[in-house]
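Visitor: Got a sequence here, can you build the structure:
(one chain, ligands or ions: 1)
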Amino acid sequence: MSELVRFEKRGAIGVITVDNPPVNALSPGVPEGMAECVAKGNADPDVKAMVLIGQGGKFIAGADIKQMGKGNTTPTEWRETVEMSEKPVVAAIQGYALGGGLETAMLCNYRIASETAKIGQPEVAIGIIPGAGGTQRVPRLAGVQAALDMIVGGEHYPSSAGKDLGILDDIYSDDGFLDAAIAYAEKVADVRPLPRVRDNDAKLAEAKDNPGIFDAMRKKIARKARNQRAPYACIEGVEAAVNLPFDDGLAKERELFKELVAADEAKSLRYAFFTERQARNVPDIPKDTPITKVASVAVIGGGTMGSGITMTCADAGLPVRILEMNEEALTKAMDRIRSTYEVSVKRGSITAEQVEERMARITPVTSYSDLGDCDMVIEAVFERMDVKIPVFKQLDQSMKQGAILATNSSALDIDEIAAATNRPESVIGTHFFSPANVMKLLEIVRGEKTSKEIVASCQRFAQQIAKVGVVCGNCDGFLANRSRVPFNLEMNLLIEDGALPQDVDKVMYDFGYPMGPFAVADLAGNDIGWEGRKRRYAANPDARKLPIPDTICEMGRFGQKTRAGWFDYKEGDRTPYPSDVVEKIISDYREEAGITPKSFTEEEILRRILFSSINEICKILDEGIAYKATDADVMWLNGFGFPRYRGGVMFWADQIGVKAVYDQISAWYDELGDRWAPSPYLKKLAEEGKSFTSD
Ligand code: 3HC
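Guide: Residues are numbered from 1 along each chain as shown. Modelled structure (predicted):
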């Protein structure tokens, strides 16, 4: 018998336990082991029913993703052994039943779950469809529309929702869960005929009478799922459940699964999945580094970022104190937080009760002396060194020893901030991305003296607040913003040289960004970038000027808020319309500067923008500020809206080939000058025939 699955008798009930840490995935040996155990239970006259459960309070998190795309074909006979068992099998779900885990549960005759368990078919998130009958069995249990929502959406559902949908038969407390499962198995031991999901067609009728629901779903996902195949294949799979006999539906699902699992979309999404987890490993920080457990947080500043960070902590169940200079500013911050939560209630993502729970975790304060006992403080005041330094001097005096002193700076020197305190080892950057309560990225910036314990603690904190933490070193703009600077410059220079904002936006949108970068600038407000440029021009008279966006701002075209920016906007309509005014500004500038406009192919626009950042990322790697190219990918995916189904900017570059990227950058260096000087790191990789992300 497989070591990964064991069989024990508890009276007349056979208990089958899957024991494959860390998540009880269906690695080779697990499916076969479950089938052997079911056969054993059927062969034993003393066994009347069986319970299938996972070791360590976890059911099964799905197929083993590491095995995917390796050409191994998973045997399918085990499923028949489980499904056609002569004695009842009860799936007892704690932790997660995801993907192949939920599919295994649906092979069983009954499914019960603990109160905290989660179920789902998240395969779409790794570019595939359920491949062990999910597209055929979920609609039979939950109905066709609910199955479409679950399989195309890929979300995790709490067990209560699973019961409401008809996927789960009952829910029990986590305490004594195995005993409850055994009692349940005893209760159903003599029920015949055995209920099997495959035999239950009643809930398919709704779609037989209303085939339009599939097209409606395709329409609903069209914008979000553009360029992708998996979400549409999920719909086809469920459609097959309605239109084909059960076994033919399974065959259709298998065919779609095989097509998808080997495709680039799935490869990129698997890469993204594992890369995010690898980002937790920092080369010189051992996994057993002691950490400061964060049980309470203080946030300094109640502006947009401070409020968003406060909400993030409250959302994660942490008590959080928010400090502002006076009562008026505090009231404003608390109002902002409440109204943001209320928007979420209107959208249906949280309940009014949850708003009250979260608000109750937030304590507004006006004095530093009220923060001292917090485990961590995050400063989110105005982004200027002369504003931040006095705050850190205060924090040094008021915070308990051992507390994490973090700054939300997006670019300033962490070492200079740390030097304002007598404990630079406790000072670190935790850079959130706007809106802080939504964006998943947390850039964790190590100063020269930051201790390993504080870095490891912030990594753990990131997980605690459901963010993806990526650690990097200290430099102007750190890894994230510094790697975006060339992108922003290049899009502007393309405009000078011959492209129009709508050309650039179309290319980037078609590539997979949710919006083009000029439309994003209009949304965020062009005045923000303008302020930064004015400061840079004042500090450095040789700084590269950007006359076109400067003129646009001088005319008050700040974006959507002024109904004019790079594009024109109509009242009550956020659609960006190409602007004659902007085209005139651009052509006037070209004439004045003596530029003969060139025409660019879409590929050139895309590569000029992305290659410029790839070269910068290589420079950051060369300086040792970033540890791995994959970390940059995690940042771009979670902080900058890079399309996930392309893996990440460095993974995308690998598909083109490091040598080809280097050759192009070298050619642009000759043609366009110094800003394209190839990074020595890039040159070395190209010469050695290596890749960015897989060596
Ligand atoms: N296969 C292989 N490894 C997996 C895995 C899987 N399905 N799920 C998680 N792991 C690994 C992670 O890589 C990580 O490894 P590491 O410690 O070496 O980095 C470890 O297990 C722990 O995972 P997390 O750090 O993600 O743990 P969390 O507690 O934060 O989250 C989870 C647990 C929600 C289960 C999350 O791991 C997850 O979402 N896993 C993927 C679930 C999934 O997509 N299932 C469907 C798979 S496809 C399928 O089933 C096809 C079928 O239809 C045939």
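
Visitor: From what I see, Ala262 and Gly127 are in contact.
Guide: No. Counting by Cβ atoms under 8 Å, Ala262 does not reach Gly127; the two are 10.2 Å apart. To be clear about C-beta, it is placed using only N, CA and C from the backbone, and glycine gets the same treatment.

Visitor: the more surrounded of these two?
Guide: Of the pair Ala262 and Gly127, Gly127 is the one with more neighbours under other Cβ atoms under 10 Å, namely 27 against 14.

Visitor: and the lowest-mean-pLDDT helix or strand in the chain, which residues are buried?
Guide: When each helix and strand of the chain is scored by mean pLDDT, DSSP states H and E, helix 526-539 comes last, with a mean of 87. Buried positions in helix 526-539, judged by neighbour count with 16 or more other Cβ atoms under 10 Å: 526-527, 529-530, 533.

Visitor: Check which helix or strand Met217 maps to.
Guide: Secondary structure assignment for Met217, by DSSP states H and E: helix 212-221.

Visitor: now that helix: how far from the chain's centre is it?
Guide: With Cα atoms, centre = their mean, to the nearest Å as the basis, helix 212-221 stands 25 Å off its chain's centre.

Visitor: So what touches it?
Guide: 144-145, 148, 152, 207, 231-232, 235, 238-239 (Cβ atoms under 8 Å, 6 or more residues apart in numbering).

Visitor: helices or strands up against the least confident helix or strand of the chain?
Guide: Packed against helix 526-539 by the contact rule (3 or more Cβ pairs under 8 Å, 6 or more residues apart in numbering; DSSP states H and E) you find helix 547-554.

Visitor: what's the angle between the helix it packs on and helix 526-539?
Guide: Counting by axes from the mean of the first three to the mean of the last three Cα atoms, to 10 degrees, helix 547-554 points 120 degrees away from the direction of helix 526-539.

Visitor: buried stuff in helix 547-554?
Guide: 548-550, 552-553.

Visitor: May I have it as PDB, with CA atoms only?
Guide: The C-alpha trace of helix 547-554 is given here as PDB (Å, rounded to 0.1, in the frame of the first residue of the first chain):
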ATOM      1  CA  PRO A 547       8.200  68.900 -22.900                       C
ATOM      2  CA  ILE A 548       5.100  67.200 -24.200                       C
ATOM      3  CA  PRO A 549       3.600  66.100 -20.800                       C
ATOM      4  CA  ASP A 550       4.800  69.300 -19.300                       C
ATOM      5  CA  THR A 551       2.800  71.400 -21.900                       C
ATOM      6  CA  ILE A 552      -0.200  69.200 -21.300                       C
ATOM      7  CA  CYS A 553       0.000  69.900 -17.600                       C
ATOM      8  CA  GLU A 554       0.600  73.600 -18.100                       C
END
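
Visitor: And it, what does it pack against?
Guide: helix 478-497, helix 526-539, helix 580-593.

Visitor: That one - what's its average pLDDT?
Guide: Helix 547-554 shows a mean pLDDT of 97.

Visitor: Same question for stretch 64-83.
Guide: Mean predicted confidence for stretch 64-83 is 87.

Visitor: Quick check: closest non-adjacent residue to Phe640.
Guide: Once flanking residues are discounted, Phe640 sits nearest to Arg484: 6.5 Å by Cβ to Cβ, 6 or more residues apart in numbering.

Visitor: The one you found and the ligand, how far apart?
Guide: For Arg484, the distance to the ligand (Cβ to the nearest ligand atom, to the nearest Å) stands at 27 Å.

Visitor: So what's the residue count around Glu8?
Guide: Counted with other Cβ under 10 Å, Glu8 comes out at 10.

Visitor: is it true that it lies in a strand?
Guide: Yes. If the criterion is DSSP: H, G, I helix; E, B strand; the rest coil, then Glu8 is within a strand.

Visitor: pretty sure Tyr111 is in a strand, no?
Guide: To be clear, residue 111 is Arg; Tyr isn't right here. Yes. Assessed with three-state DSSP, Arg111 lies in a strand.

Visitor: list the contacts for it?
Guide: Listed by Cβ under 8 Å, 6+ apart, the contact set of Arg111 reads 90-91, 93, 105, 167-169.

Visitor: Comparing the helices and strands packed on helix 547-554, which yields the minimum mean pLDDT?
Guide: Note on these: helix 526-539 shows the lowest mean pLDDT, a mean of 87.

Visitor: my read: Ile444 touches Ala456, true?
Guide: No. Using Cβ under 8 Å, Ile444 is not in contact with Ala456; the gap is 9.9 Å.

Visitor: If you count surrounding residues, which of these two has more?
Guide: Neighbours per residue, other Cβ under 10 Å: of Ile444 and Ala456, the larger number sits with Ile444, 26 against 22.

Visitor: show me what contacts the more buried one?
Guide: Listed by Cβ under 8 Å, 6+ apart, the contact partners of Ile444 are 428-431, 455, 458-459, 462, 469-472.

Visitor: Serialize these to CSV and add fields for secondary structure.
Guide: Putting these into CSV (three-state DSSP) gives the following:
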residue, secondary structure
Ile428, strand
Gly429, strand
Thr430, strand
His431, strand
Val455, helix
Cys458, helix
Gln459, helix
Ala462, helix
Gly469, strand
Val470, strand
Val471, strand
Cys472, strand
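
Visitor: filter the residues you listed down to the ones near the ligand?
Guide: On the criterion Cβ under 6 Å from any ligand atom, none of the entries of these sits beside the ligand.

Visitor: Which helix or which strand is home to the one residue in the stretch 151-300 of the chain that gets nearest to the ligand?
Guide: Of all residues in the stretch 151-300 of the chain, Arg277 sits closest to the ligand, at 3.7 Å by Cβ to the nearest ligand atom. Per DSSP H and E: Arg277 is located in helix 264-278.
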